[in-house]
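> no sequence for this one, just the structure:
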């Protein structure tokens, strides 16, 4: 099959959907999972794309992920909703949580959505985009518990928390326009990107990882073959500080848990998310914010190109460029990851030929 397979988006969705259905998901859940994972690949974030499916299917088979679960409202204080994900598919739980938050923000002007105990909720930008598509601005803090720590604190030589992402999304300023979506892990690299590098047989950039002795390394296997090392935070103390805030807002204030001794279980991914969703029309006024967003973006992007660069972009543009090219040319999946997806299908009764056929291979 070669080193890489290239799959068109719709056949790839079909392959993921078939495997999820075989693992017990209903049609709606299988479709939401497939759409979410493939969109991550289309956006250039292979770390959060279909390569996550084998982990999900294993968790579903072992009952660590609850199929066909819906989000549950545990308390409702008007502009504050407390939700429990019941360890359901994060692609479903996150979608439903944002639906509830958007609906409430339309009524009250703003809504704090406190979500605890969801299985992996994937690319956090997906939830910012959902809010932005509804005309809402939003900000999201996430912590990750349920497997050993992955990221070292600034000044530390071993891992004490996970990749704890942050996202802020600004809705389009004009009809038919595009949102600004800032979405990043507080680590220098997402754990999924370390997995992708390992599967491709590549090294990670210098200054990204340390081994179990605290020494710098570019070998991704240091995060998989024990004793494991750690990923470093971006921006030294700045990324570390934001990771701590994400850990506490998402893990402590949602009623979930934070990373500490004994709080995780092997091969489990638990996400908690603290989101603030705001109707911008109830802030400075629709005409004002639209005008100022347009003026600032235009001003920033008019900066001369730095040597060797493609010019100034705003958050969300790189993802849209990837979506255009991969929608046209197909999504590359390395051979190791594709074999893992085939194996995941086989574990729930879907043969390799069926998965390959569904994927158009």
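Right, received. Where do you want to start? Computed from a prediction, not measured in an experiment: that's the story for all the values here.
> What part of this protein, helix or strand, is modelled with the least confidence?
helix 191-200 (a mean of 88; mean pLDDT, DSSP states H and E).
> Which parts of the chain are strands?
4-7, 72-76, 80-84, 110-119, 137-145, 166-170, 180-184, 209-210, 216-217, 230-231, 270-278, 331-334 (DSSP state E).
> Tell me what angle the fourth one forms with strand 270-278.
Taking axes from the mean of the first three to the mean of the last three C-alpha atoms, to 10 degrees, one finds that strand 110-119 is oriented at 170 degrees with respect to strand 270-278.
> so for strand 110-119, what's the average pLDDT?
Mean pLDDT, strand 110-119: 97.
> Run through the neighbouring helices and strands of that strand.
strand 80-84, helix 90-108, strand 270-278 (3 or more C-beta pairs under 8 Å, 6 or more residues apart in numbering; DSSP states H and E). Quick note: C-beta positions are derived from backbone N, CA and C, even for glycine.
> same check, this time on the last one
Helices and strands touching strand 331-334, as assessed by 3+ C-beta pairs under 8 Å, 6+ apart, comprise strand 4-7, helix 9-22, helix 27-42, helix 191-200.
> With distance to residue 94 as new columns, can the ones you listed be given to me in CSV?
Listed next are the helices and strands packed on strand 331-334 as CSV, based on distance: least, C-beta to C-beta, whole Å:
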stretch, distance to residue 94
strand 4-7, 24
helix 9-22, 16
helix 27-42, 8
helix 191-200, 16
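> Reformat those as CSV; add mean neighbour count.
Output for the helices and strands packed on strand 331-334, formatted as CSV (neighbours: other C-beta atoms under 10 Å):
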stretch, mean neighbour count
strand 4-7, 18
helix 9-22, 22
helix 27-42, 21
helix 191-200, 21
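> What sits closest to the residue nearest the centre of the chain if chain neighbours are left out?
Nearest residue to the geometric centre of the chain (C-alpha atoms, centre = their mean): residue 123, 1.7 Å. Leaving aside its sequence neighbours, residue 123 sits nearest to residue 48 (C-beta to C-beta, 6 or more residues apart in numbering; 4.1 Å).
> State the distance from the one you found to residue 202.
Noted for residue 48: a distance of 18 Å to residue 202, by C-beta to C-beta, to the nearest Å.
> Please work out how many residues are found near residue 350.
Around residue 350 there are 21 other residues, counting by other C-beta atoms under 10 Å.
> Identify the residues contacting it.
Residues counted as contacts of residue 350 (C-beta atoms under 8 Å, 6 or more residues apart in numbering) are 18-19, 22.
> if we go to 10 Å?
By C-beta atoms under 10 Å, 6 or more residues apart in numbering, the residues touching residue 350 are 15, 18-23, 57, 342, 344, 358.
> give me the number of residues near the spatially closest residue to residue 78 that is not a sequence neighbour?
Sequence neighbours aside, residue 108 is the residue nearest to residue 78 in space, at 6.0 Å (criterion: C-beta to C-beta, 6+ apart). The tally of other residues near residue 108 (other C-beta under 10 Å) stands at 13.
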